[in-house]
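>>> Quick one: sequence and predicted model below, then my questions.
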Amino acid sequence: MPRNLGTTPHQGTTPRPLTRRRRVAIAVLATLALLAAACSDDDSAETSDPPVTTAAPDTTISEPGEPDPVSDLGGDATEAWPSPEWEVIDPTVAGFDPAVLDELADRAERGGAACLVLVTDGRIVGEWYWHDTGPDDPAETWSVTKSITAFLVGIAEDQGHLRIDQPASDFIDEWVGTPSEGVTIRQLLANDSGRFHSVDSDYVQLASVEEDKTAYAIGLDQQHEPGTHWDYNNAAIQVLDAVLERATGVDVGTFAAEHLFGPIGMEATELTIDPAGNTLTFMGAQMTCRDMARFGLLTLREGEWDGTQVVPAEFVAEATRPSTELNPTYGLLWWLHGTDAGQIGTAPGQDEVATGDPVAHVALGLGGQFVAVVPNQDLVLTRLNRSALATEPIGLPQLLPLLTELDGPGD
């Protein structure tokens, strides 16, 4: 059953006692404050978040480098659904080379991973945990949260609450009569809204100083003409908290639990709130590696979950293809990893992505957290990281190429 998040207090209400969501938010913001101190104020830089641990329910925790064993597929490679529990299969039965999986796990461990989960055909074929990470330990996923926010917007549109091509000012009254009046919801999702952006604004003021993060984000100026400039803009994305809440009439955490987390069994996942009671939409999702894999599988299956269309297939397709010529490696709050040897930076502390024709769509978070979806191989790979324990700078560009060496049923 989905976790009952209760009602998030709205702006202007009496602050309630510290909840788990709020305690997590405070710890997260303290970490971001340290990150901000290390960032230079470079307007061309982008934004995101740090590392942590995670795990999986009711499973044998493997030693590093050893995927969890378990059941026998019996040669049946038909699609499965973790409804309610994941099926964990012997990778050799599924046709995978154990030596390649061992190398995948070894690289992840050297990169500071706390957990790594590999899924194909809706079944787990590899699962590893390190550094005292337990099966039920959710962790901060940082900017992976953004991709969740994108799907919440898609669900809200499907329910008739909004249209992504309408001006955000239809819900943000504060922008009416200002240069931001014409900024669309799509532009907030594509990061070409032109809203004010700087490292200091995103990492110091928004992340660490301002208690009411949504009000701060709304109150920033318009820096560029909408649709003419691309920035990885945390503050612009936090505006989506107000758009979603005002459009749907419920706080974003409650909306997510009811319409996304609950339907696909993401029981350990929560969004966090700021001291003013706003749901964070640019960071803050607490997840396990297995919940991340559920989110990736939902994306791989084009928004469907065991016969129910949770997110419209059209929206998933739109979110996971280039959204603007200003940055062909970005969709709607999803990164696109291509086939070229060249790599580009994404945001401070985040993995790079490769340019070229996209072969994977990726939800990326600071410090090596990611959900990577590889449609042509029917694979989902998730990682939560503890970068402080990394012995080598190993991330997405060093792990994804190994997936092309796997010989599983998705090939």
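Yep, that arrived. Here the structure is a predicted model, which is why all the values come from computation and not from measurement.
>>> can you give me the helices for the stretch 51-200 of the chain?
For the stretch 51-200 of the chain, the helices defined by DSSP state H, counting those that start in this stretch occupy 98-110, 144-158, 185-190, 199.
>>> Residue 232 is nearest to which of those?
Closest approach to residue 232 among those (Cβ to Cβ): helix 144-158, 9.3 Å. In this view, the C-beta of every residue, glycine as well, is placed from N, C-alpha and C.
>>> hmm, back to that, right, so of the helices of the stretch 51-200 of the chain, which gets closest to residue 352?
Among those, helix 98-110 sits nearest to residue 352 (Cβ to Cβ), with 15.3 Å.
>>> and the closest one, average pLDDT?
In this model, helix 98-110 has a mean pLDDT of 93.
>>> How about stretch 186-200?
pLDDT averaged over stretch 186-200 gives 97.
>>> can you dump the C-alpha coordinates of it into CSV?
Taking Å, rounded to 0.1, in the frame of the first residue of the first chain, the C-alpha atoms of stretch 186-200 are listed here in CSV:
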residue,chain,number,x,y,z
ARG,A,186,6.7,23.2,-21.3
GLN,A,187,9.5,25.8,-21.0
LEU,A,188,9.8,25.2,-17.3
LEU,A,189,10.1,21.4,-18.1
ALA,A,190,12.6,22.0,-20.9
ASN,A,191,14.8,24.4,-19.0
ASP,A,192,14.5,27.1,-21.7
SER,A,193,12.1,29.3,-19.7
GLY,A,194,14.6,32.2,-19.5
ARG,A,195,13.9,32.6,-15.8
PHE,A,196,16.8,34.0,-13.7
HIS,A,197,19.6,31.6,-13.0
SER,A,198,22.9,31.7,-11.2
VAL,A,199,24.9,29.3,-9.1
ASP,A,200,24.4,31.5,-6.1
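>>> Pull the distance from stretch 146-162 to the chain's centre.
Centroid separation for stretch 146-162 versus its chain: 14 Å, with Cα atoms, centre = their mean, to the nearest Å.
>>> So which bits of that stretch are buried?
146-158, 161-162 (16 or more other Cβ atoms under 10 Å).
>>> How about stretch 393-403?
Within stretch 393-403, the residues that count as buried by 16+ other Cβ under 10 Å are 394, 395, 396, 398, 399, 400, 402, 403.
>>> Which of the residues you listed fall in helices?
Secondary structure defined by DSSP state H assigns 396, 398, 399, 400, 402, 403 of these to helices.
>>> got a list of what the nearest residue to the first one once chain neighbours are set aside touches?
Okay, so that is residue 396. Leaving aside its sequence neighbours, residue 396 sits nearest to residue 351 (Cβ to Cβ, 6 or more residues apart in numbering; 3.9 Å). Contacts for residue 351 (Cβ atoms under 8 Å, 6 or more residues apart in numbering) come out as 364, 368, 370, 395, 396, 397.
>>> Thanks a lot, see you next time.
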